[in-house]
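J.: take a look and give me a structure for this.
(chains A and B)
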2 protein chains.
Amino acid sequence: MTVNIQRLNASDADFDSALSALLAWDDSVDHQVNESVRHILHEVKTRGDAAVLEFTAKFDRLSVGSVAELEMSQERLQHALKTIPQDQRDALEHAARRVRDYHQRQSQESWQYEEADGTVLGQKITPLDRAGLYVPGGKAAYPSSVLMNAIPAKVAGVAEVIMVVPTPDGVVNDLVLAAAAIAGVDRVFTIGGAQAVAALAYGTDTVPAVDKIVGPGNIFVAAAKREVFGTVGIDMIAGPSEILVICDGQTHPDWIAMDLFSQAEHDEQAQSILISPSAEFLDAVEASIERLLPTMERAEIIRTSLADRAALIQVADLAEAAKVSNRIAPEHLELSVADPQALLADIRHAGAIFMGRYTAEALGDYCAGPNHVLPTSGTARFSSPLGVYDFQKRSSIIGFSAEGASRMGRVASVLARGEGLTAHARSAEYRIQRD
Amino acid sequence: MTVNIQRLNASDADFDSALSALLAWDDSVDHQVNESVRHILHEVKTRGDAAVLEFTAKFDRLSVGSVAELEMSQERLQHALKTIPQDQRDALEHAARRVRDYHQRQSQESWQYEEADGTVLGQKITPLDRAGLYVPGGKAAYPSSVLMNAIPAKVAGVAEVIMVVPTPDGVVNDLVLAAAAIAGVDRVFTIGGAQAVAALAYGTDTVPAVDKIVGPGNIFVAAAKREVFGTVGIDMIAGPSEILVICDGQTHPDWIAMDLFSQAEHDEQAQSILISPSAEFLDAVEASIERLLPTMERAEIIRTSLADRAALIQVADLAEAAKVSNRIAPEHLELSVADPQALLADIRHAGAIFMGRYTAEALGDYCAGPNHVLPTSGTARFSSPLGVYDFQKRSSIIGFSAEGASRMGRVASVLARGEGLTAHARSAEYRIQRD
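T.: As a prediction, the model looks like this:
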């Protein structure tokens, strides 16, 4: 059974509308999901721990007497770290070191400068007090995700990182707990869904309120995060994952096929796109796909994803490839070409850029160092990978000397009166020295 | 008629709940507003210019034949700049220079570093292609707001800044147009409301789609921005403006009273809070308020704002004042004390911090240099002033050498297999050198 992957050509008259159709993604949330989420948020906001216990019993089939019983001790995390297979532990620790090293370069410093008249201006950087990290339970529980979300927060200086992870029917993922231990997560509660988001946003007697909630989750978690935005900060609401590979035709087609598979295996909505100036290469990759697909563990998910959402796009040259890529603003962009640095100059929008034939996107997912939480669905046009900067904020510093206040008070007074705000004007005028 | 301003004492048993009640702010949007906004967004998204024209005729009573007629030429902006009073022009240009100077220090640089085996990691900074700036029309049209929103975008390197400003009944504010000319706004359309937000978010035949929409607006504009978030980026949804003054009791009470007025005059919901260790000083400021209030142009707005939302809070000392301030996370924080730098170390959360007795908040609103678009309603716990960083985004750069890909491929393979993602594993394994 062949996979019918859509083939496009950038020189076709209808390419623009075909590309729009390919990229179209409806992220609207079912009305019933929203209603249900609002109900859960309201209950947890008003009834706290009692509501968290009820929803956990209902959705995770986990009945305990108090939310305190749902907290996992640091000893339990350390136990998980000691009992997972040694190669897994080594790999997690190696990945964590690289992620930490990279993110330390994102740290921001406060600055101040003084003007001639003694006026001081500046910007003060302060970490958030508390961050909440949502980790999905069950089959989508990814220890790498714990590292990628928690490490930037700790590098930023967040005093308390609080992780929530549902354990439906009491099933615990020791790799996830081990990753929490390695990342330095401060507290872990085994709660999930909208009730966990609510507990983190509003706080309960047992779960402390946080300042920002990050991490992936299902549609209920995403809807809950959208609702509590404003009460707390949130990271971007992620759409399906995507990869765009630009290849000059000189990489082994099996490598490229497998790179596309690595995106497609996430779920049926994931999107994999290959752009090349060589029609022969597109044919070769398609042949590799046909040959390799039956050997894949998640063949059915990959097949559906490729049939529904993938595309092989032929372009005139690499410059046109970059243009199409900027239009897409992909989450992951592989530049599988001889001179990726040259092509990089033309790339304006992408979450992460994987340079050269050796840089498989999968390396970035786990252990390259940069974050794997990236803007999806074209939002790389205006947003950035998750980073240390998401866990720090800035305060402006303004300190006028008597002389500076006198001089600038005149300017402020004119502008305030121009806007009809005379209290503003008079407040500034008090500081003007009359001589 | 005295203003009954709430008096609190941090040592009272019920202080915590009284403070919570004082800060409580319901930002929920009327269901009918949301319905109306969704209708407008849908119409503009599907019918473009025609819908923009209809809504502009309906809401702004402005009937023209095409959206192109609603664009203001650069000549018109220059004309406004030439015809406004010279002192206003000088003040705007002076303010713009200072805002530009300060924001240039926020510019971020791309960076890359190379590891021993030739692997390259980095972060590439790119400005947004296009930014949209919403400017309210009518009485709340503030030229300072045009400077504060447009200049960071231009400093960031945004190629095209597109401003929308409604001109109900054709009434144009020349100060606003002059500020647009000074700030370097590229295009101006005289449209407003949810229809302007929709035009910027989705694009029409005449109005280009932007990547991010910033700027203040009424409840329809705020609701529309919330809805289009995801399609484009947005700045924070602002609540009512607030000031918190911490004073050691040694500043002239009239100055502090006027500083509180300058916040209260914005609107009835604005919040002004004074904290001092001196009960006598709180009395003195209250007396100044009573004496000065009748002399104010916007006395009735100020009176209502102070009666409904202000508070005078007594604390034991400045350390406790800082603690209360961190709990509030104010938009504007005045440290009207002898040694503001010493107190600054204790301040964790604030949009902008005004240091010392001479630094009236009004100076920051207009011409100090830092931005006056600041996080409100306690969101300074996790968010920052509007800045150059809001108009730039980052892309991660990952370039493995053959050697690096081989070594890290082994790590990725272990982690990917631990997560059951075998296409990820095999994609990494292809790059492992077997010798």
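
J.: for the rest of this, base every contact and every neighbour count on C-alpha atoms.
T.: Fine.

J.: gap between A:D117 and chain B?
T.: Separation of A:D117 from chain B (C-alpha to the nearest C-alpha, to the nearest Å): 13 Å.

J.: ignore the last one, A:S276
T.: For A:S276 relative to chain B (C-alpha to the nearest C-alpha), the value is 19 Å.

J.: I'd say that residue and A:A319 touch.
T.: No. At 10.7 Å, A:S276 and A:A319 do not qualify as touching, with contact defined as C-alpha atoms under 8 Å.

J.: between those two, which is the more surrounded one?
T.: A:S276 (25 against 14; other C-alpha atoms under 10 Å in any protein chain shown).

J.: what bridges to the more buried one?
T.: Beta-bridge pairing of A:S276 under DSSP bridges involves A:Q314.

J.: report the contact partners of it.
T.: A:246-249, A:282, A:312-315, A:317-318, A:321 (C-alpha atoms under 8 Å, 6 or more residues apart in numbering or on different chains).

J.: switch to 7 Å and redo it
T.: A:246-249, A:282, A:313-315 (C-alpha atoms under 7 Å, 6 or more residues apart in numbering or on different chains).

J.: in JSON lines: those residues, plus neighbour count and pLDDT.
T.: Conversion of the contacts of A:S276 to JSON lines gives the following (neighbours: other C-alpha atoms under 10 Å in any protein chain shown; pLDDT from 0 to 100):
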{"residue": "A:I246", "neighbour count": "26", "pLDDT": "98"}
{"residue": "A:C247", "neighbour count": "25", "pLDDT": "98"}
{"residue": "A:D248", "neighbour count": "19", "pLDDT": "98"}
{"residue": "A:G249", "neighbour count": "21", "pLDDT": "97"}
{"residue": "A:L282", "neighbour count": "21", "pLDDT": "98"}
{"residue": "A:I313", "neighbour count": "23", "pLDDT": "98"}
{"residue": "A:Q314", "neighbour count": "23", "pLDDT": "98"}
{"residue": "A:V315", "neighbour count": "22", "pLDDT": "98"}
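
J.: and which of the residues you listed is nearest A:A352?
T.: Of all the contacts of A:S276, the one sitting nearest A:A352 is A:I246; the distance, using C-alpha to C-alpha, is 13.4 Å.

J.: the most centrally placed residue in chain A and B:L386, how far apart?
T.: The centroid of chain A falls nearest to A:V373 when counting by C-alpha atoms, centre = their mean (3.2 Å). Using C-alpha to C-alpha, to the nearest Å, one gets 23 Å for the distance from A:V373 to B:L386.

J.: what packs against the host helix or strand of A:A199?
T.: A:A199 belongs to helix A:193-202 when assigned by DSSP states H and E. Here helix A:193-202 touches helix A:31-47, helix A:219-228, going by 3 or more C-alpha pairs under 7 Å, 6 or more residues apart in numbering or on different chains; DSSP states H and E.

J.: go through the first one and flag the buried ones.
T.: The one in question is helix A:31-47. Buried residues in helix A:31-47, counted by 16 or more other C-alpha atoms under 10 Å in any protein chain shown: A:34, A:37-38, A:40-41, A:43-45.

J.: for the stretch 201-350 of chain A, what lies in contact range of chain B?
T.: Counting by C-alpha under 7 Å from any C-alpha of the partner chain, the positions of the stretch 201-350 of chain A adjacent to chain B are A:211-212, A:230, A:233, A:255, A:258-259, A:261-262, A:265, A:297, A:348, A:350.
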